[in-house]
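Chemist: Pasting the sequence and the predicted coordinates here, then a few questions.
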Amino acid sequence: MLTIKNIGEKVKQLRNAKGLTLKELGEKTNLSSGFLSQFERGMTTIAIDSLEDIASIFGVDLSFFFEKSVKNDSIVIRSYEQNNIQILNSHHIYKVLATDIENKSFLPRLIEILPNKQEEKISTFNHAGEEFLYILEGVLDLVLDDKEYCLYPGDSIYYSSNKNHNWLNKTNKTVKFLSINYPKNIKKD
């Protein structure tokens, strides 16, 4: 199971490998050495943007901290076993909700879009296939062929992915939704 302690241990391993003290890492991240010490020992949590700063200092992708070395060969993924996580631009968190996706036809994911403090300019794109979205929490803004849809918890939408589209969170709360792509599209939405 992935825990805050596991993430803290990975930070400590990277810090030690680079020969940095807690004080030196603190100066580079504007975090206190006391806080970093507690984080490395799993005694406190860390903001995703601070973890992103740490990842940048060590030259690793943010998803490095969330990768698990244990491979799940089961067809069932327990909530505590979700290990296929991608984090994009510190605001989009993607969790693949299936095992052995290389041999499957569609890609089911749980996507979280964190609140963004700045106004986001949306760029649309398209690709082959179809997409289904089901909103679990928050309010998702979906742009589809230059029309904007405001989707609330319990709402769903099914559309052709070859239409220009993208989504964003314009609120101050996290948005969570299920996304199913067919055929699976590993490209980031």
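Modeler: Thanks, I have it. This one's a predicted model, so the numbers in the text were calculated from it and none came from an experiment.
Chemist: Centroid-nearest residue for the protein?
Modeler: Closest to where the C-alpha atoms of the chain average out (Cα atoms, centre = their mean) is Ile93, at 1.6 Å.
Chemist: Dig out what the closest residue in space to that residue that isn't next to it in sequence forms beta bridges with.
Modeler: On the basis of Cβ to Cβ, 6 or more residues apart in numbering, the spatially nearest residue to Ile93 that is not a chain neighbour turns out to be Glu112, at 4.3 Å. Bear in mind the C-beta positions are built from the backbone N, C-alpha and C, glycine included. On DSSP bridges, the residues paired with Glu112 through beta bridges are Ile93, Lys176.
Chemist: cool, Trp167 as well?
Modeler: Going by DSSP bridges, Trp167 forms beta bridges with Leu142.
Chemist: Test my guess that it contacts Thr124.
Modeler: No: with contacts defined as Cβ atoms under 8 Å, Trp167 does not count as touching Thr124, sitting 9.8 Å away.
Chemist: joint contacts of those two?
Modeler: Here Trp167 and Thr124 have Val143 as joint contacts, going by Cβ atoms under 8 Å, 6 or more residues apart in numbering.
Chemist: Among those two, which residue is more densely surrounded?
Modeler: Under the neighbour definition other Cβ atoms under 10 Å, Trp167 and Thr124 were set side by side, and Trp167 has more, 22 against 13.
Chemist: give me every residue that touches the more buried one.
Modeler: Applying Cβ under 8 Å, 6+ apart to Trp167 gives the contacts 113, 133, 140-143, 189.
Chemist: Sketch out the low-pLDDT regions of the chain for me.
Modeler: Applying pLDDT under 70 to the chain flags residues 1-5, 63, 66-74, 80-90, 102, 120, 184-189.
Chemist: And the strands in it?
Modeler: Using DSSP state E, the strands assigned to the chain run over residues 85-88, 92-96, 107-113, 130-137, 140-144, 147-151, 156-160, 165-168, 175-182.
Chemist: Dump those strands to TSV, plus distance to Ile75.
Modeler: Putting the strands of the chain into TSV (distance: least, Cβ to Cβ, whole Å) gives the following:
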stretch	distance to Ile75
strand 85-88	19
strand 92-96	14
strand 107-113	13
strand 130-137	21
strand 140-144	29
strand 147-151	30
strand 156-160	25
strand 165-168	29
strand 175-182	17
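Chemist: remind me, longest helix of the protein?
Modeler: When the chain is parsed with DSSP state H, its longest helix is helix 4-18.
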